[in-house]
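J.: coords please:
(one chain, ligands or ions: 2)
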Amino acid sequence: MASDWNQDSLRARFCHALSEMYKTEVPLYGNLIDIVLEADTKALQSTKSDETLPINPDEVLPPRHRVERHGAIRLGTPHELSTIRRMFAVMGMYPVGYYDLSLAGFPMHATAFRPTTSEALAAHPFRVFTTVLRMELLTSKTRALAKKALDQRNIFTPRLLALLDIVESRGSLSPDECVEFIDNGLETFRWHSKTTVTLDEYTILKAEHALIADIVSFPNAHINHLTPRTIDIDLVQRLMVEHGMPAKERIEGPPRRKCPILLRQTSFKALQETVFFSDDSGSGEFVKGSHTARFGEVEQRGYALTRKGRQFYDQILNRVNYLAAQNEKLSDSTEYESLLAKSFEIFPDTLPALREGGLAYFCYRLTPAGEKYAEHRDDDLVVSVSPDGEATESVTELLNKGVLDYDPLTYEDFLPLSAGGIFNSNLGDVSQSKQLIMNAESDLDGFQRGLGTYVADEFHLYAEMQRGSLELVY
Ligand code: OOG
Ligand code: NI
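T.: Ligands and ions are numbered 1, 2, ... in the order given. From the prediction side, this is the model:
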């Protein structure tokens, strides 16, 4: 059937529309985008020899850089989760990774919906970190309130639900239906200042956990932040402070390195916004109050680590956080950052060391010399690939001969402890429910049951990309 329907372009258009909507809702996010452009331009300029020539980041950076963004939403029920899964699938975004946020003291777990192939990521890498409330971790009083509020809401428009049925049965959308899909899809993410709960109910929910109140009290799942990507997050952090933005105290994740790994993130803190609580007298009146939820974030992406690399990362970071919890002095961000940088000195910081140590994933390619060599190939030097996508000995030999070269793969996912740090900076205080939740176990099975499918294993996806590159070379 003839149609303009294309997952990549739909995802790009949706992301653009969401970003425009969020700019009007939270103007400070627009200022943050300007700061990121300023930082990227400065960072590129300072690495260039002739500083008199102006530089345009859009001409230097890969095309995906400027449009790259992630967002986050928080859902209340398994049904909301499975429906959002259907909605993201239309845009080529699939659940990758399971994030147990009880590790960071929150009664929630999450996945990230994102494109999964190199081609789709290169076309447009939009992703949405999606959390869902774990009812079983709430106290019975709060659970009853949450259930009552969530049962009566529908965060999707009837037309969006109809479009999901259409695309699932027909396999595509017409150009007009694509426009409707975007317009209706935005309604799930739009901000509503009128709550569905009374001030008293809100106060009870918030006393148990600020995030419970944020998830339960509104008629939909407002997008709570959007995050452009930068090439110099330290500079963005400095510029935010210089521009008088309420910046988070420090950058989450690994320290600045020659070979950036995983993900570094910072944000401006959530705004206090006026909301109107419903009045239980049935008068239809509203009571004015305030709520803190929405913010803007920036990310700098580094290399995807293997399981082994990730374990090493977690081990170092856990030790730093353990020391920070013991020592008052380390609550100062400069002290923390210098401990972090010092602790990460043992993590290899050159491409050959990361590769030889099996710490990161790479994409292999033939060099121009390799193209020639391939024509008169020595048959005992074939490229072999192990089942987990690891490069083998013969690859090392071909690298030494200058036949092959390699580039690191970008980390496309998230980090639960960094997410916890981002959540915390945007809450003010963490409540008494923390103790209860700390003892919780992760529940991947329950999550997947709600979702209605399996979440992909991110390590497997990177290994497949590495293996694919070797197979192409072969
Ligand atoms: C999600 C926080 C996680 C990130 O970048 O790690 C996240 C939230 O605040 O709902 O977006
Ligand atoms: Ni985020």
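J.: where does the stretch 51-200 of the chain have low pLDDT?
T.: For the stretch 51-200 of the chain, the stretches with pLDDT under 70 are 51, 53-54.
J.: Show me which residues of it sit near ligand 2.
T.: residue 72 (CB under 5 Å from the ion). For every residue, glycine as well, the C-beta is placed using N, CA and C.
J.: Go through the residues of the stretch 51-200 of the chain and report the one nearest to ligand 2.
T.: Shortest the stretch 51-200 of the chain-to-ligand 2 distance, computed as CB to the ion: residue-wise this is residue 72, at 5.0 Å.
J.: Could you verify my assumption that that residue touches residue 215?
T.: No - applying CB atoms under 8 Å, one finds residue 72 not in contact with residue 215, separated by 11.9 Å.
J.: Which residue of those two possesses the greater neighbour count?
T.: Set side by side, residue 72 and residue 215 give different neighbour counts by other CB atoms under 10 Å, the larger being at residue 215 (27 against 23).
J.: What is the helix or strand containing that one packed up against?
T.: In the assignment (DSSP states H and E), residue 215 maps to helix 210-216. In terms of contact count using 3 or more CB pairs under 8 Å, 6 or more residues apart in numbering; DSSP states H and E, helix 210-216 is assigned the packing partners strand 69-75, strand 127-133, helix 140-151, helix 199-208, strand 286-292.
J.: and those as JSON lines, adding distance to ligand 1?
T.: As requested, the helices and strands packed on helix 210-216 are arranged in JSON lines below (distance: least, CB to the nearest ligand atom, whole Å):
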{"stretch": "strand 69-75", "distance to ligand 1": "4"}
{"stretch": "strand 127-133", "distance to ligand 1": "4"}
{"stretch": "helix 140-151", "distance to ligand 1": "17"}
{"stretch": "helix 199-208", "distance to ligand 1": "16"}
{"stretch": "strand 286-292", "distance to ligand 1": "12"}
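J.: now the ones you listed in TSV, with distance to residue 258?
T.: Listed next are the helices and strands packed on helix 210-216 as TSV, based on distance: least, CB to CB, whole Å:
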stretch	distance to residue 258
strand 69-75	25
strand 127-133	26
helix 140-151	47
helix 199-208	44
strand 286-292	38
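J.: in the stretch 301-450 of the chain, what residue is nearest ligand 1?
T.: The shortest separation between the stretch 301-450 of the chain and ligand 1 is 3.5 Å, found at residue 419 (distances taken as CB to the nearest ligand atom).
J.: next one: the stretch 251-400 of the chain
T.: Closest approach of the stretch 251-400 of the chain to ligand 1 (CB to the nearest ligand atom) occurs at residue 265, with a separation of 5.4 Å.
J.: Hmm, that residue is touching residue 301, no?
T.: No - applying CB under 8 Å as the test, residue 265 and residue 301 come out as separate, 9.7 Å apart.
J.: Show me where the stretch 301-450 of the chain dips below the pLDDT cut-off.
T.: Counting by pLDDT under 70, the stretch 301-450 of the chain contains low-confidence residues at 376-393, 428-438.
J.: For it, what lies in contact range of ligand 1?
T.: Residues of the stretch 301-450 of the chain that fall close to ligand 1, judged by CB under 6 Å from any ligand atom: 414, 418, 419, 422, 423.
J.: Could you dump these into CSV and include secondary structure?
T.: Output for those, formatted as CSV (DSSP: H, G, I helix; E, B strand; the rest coil):
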residue, secondary structure
414, coil
418, helix
419, helix
422, helix
423, helix
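J.: how close does whatever residue of the stretch 251-400 of the chain ends up closest to ligand 2 get to residue 226?
T.: In the stretch 251-400 of the chain, the residue found nearest to ligand 2 is residue 297; the distance is 4.7 Å by CB to the ion. Taken as CB to CB, to the nearest Å, the spacing of residue 297 relative to residue 226 amounts to 7 Å.
J.: ok, now residue 95?
T.: With distances defined as CB to CB, the gap from residue 95 to residue 226 amounts to 20 Å.
J.: ditto for residue 128
T.: 10 Å.
J.: So between these two, which is more surrounded?
T.: A side-by-side neighbour count of residue 128 and residue 226, using other CB under 10 Å, places residue 226 first with 26 against 23.
J.: Please tell me I have it right and that one contacts residue 25.
T.: No - taking CB under 8 Å as the definition, residue 226 is not a contact partner of residue 25, at 10.1 Å.
J.: Now do the strands in the chain.
T.: Counting by DSSP state E, the chain has strands at residues 69-75, 94-100, 108-114, 127-133, 194-198, 225-228, 263-268, 272-278, 286-292, 295-301, 362-366, 404-408.
J.: Show me which residues of the last one are buried.
T.: Think strand 404-408. The neighbour-count check on strand 404-408 (16 or more other CB atoms under 10 Å) flags 404, 405, 406, 408 as buried.
J.: pLDDT value on residue 293, please?
T.: Confidence at residue 293, expressed as pLDDT, is 85.
J.: What is the neighbour count of it?
T.: If we define neighbours as other CB under 10 Å, then residue 293 has 23 of them.
J.: go on, residue 465?
T.: When counting by other CB under 10 Å, one arrives at 20 neighbours for residue 465.
J.: Make residue 1 into 58 and carry on from there
T.: All set: I'll call the first residue 58, so the last point we hit is now residue 522.
J.: For it, list the residues it contacts.
T.: Shown in contact with residue 522 (CB atoms under 8 Å, 6 or more residues apart in numbering): 175, 418, 420, 446, 466.
J.: what do you get for residue 73?
T.: The contact partners of residue 73, by CB under 8 Å, 6+ apart, come to residue 124.
J.: Spell out which parts of the stretch 158-307 of the chain neighbour ligand 1.
T.: Near ligand 1, when you scan the stretch 158-307 of the chain using CB under 6 Å from any ligand atom, you find 186, 188, 281.
J.: ok, of those residues, which come out buried?
T.: Buried residues within these, defined by neighbour count using 16+ other CB under 10 Å: 186, 188, 281.
J.: With distance to residue 250 as extra columns, can I get those in a markdown table?
T.: Rendered in a markdown table, the data for those read as follows (distance: CB to CB, whole Å):
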| residue | distance to residue 250 |
| --- | --- |
| 186 | 23 |
| 188 | 22 |
| 281 | 14 |
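J.: with the residues you listed in mind, which one is nearest to residue 408?
T.: Distance to residue 408 across those (CB to CB) is lowest for residue 186, with 28.9 Å.
J.: and the closest residue to residue 284 other than its chain neighbours, what does it touch?
T.: The shortest distance from residue 284 to any non-neighbouring residue, by CB to CB, 6 or more residues apart in numbering, is to residue 354 (4.0 Å). Contacts of residue 354 were listed using CB under 8 Å, 6+ apart, and they are 282, 283, 284, 322, 323, 324, 325, 479.
J.: how is this protein carved up into domains?
T.: Domain assignment of the chain by automatic domain parsing yields the ranges 64-358+469-499, 362-405, 408-465.
J.: how about the ones you listed, which one is nearest residue 519?
T.: The minimum distance between residue 519 and the domains of the chain falls on domain 408-465, with 4.3 Å, by CB to CB.
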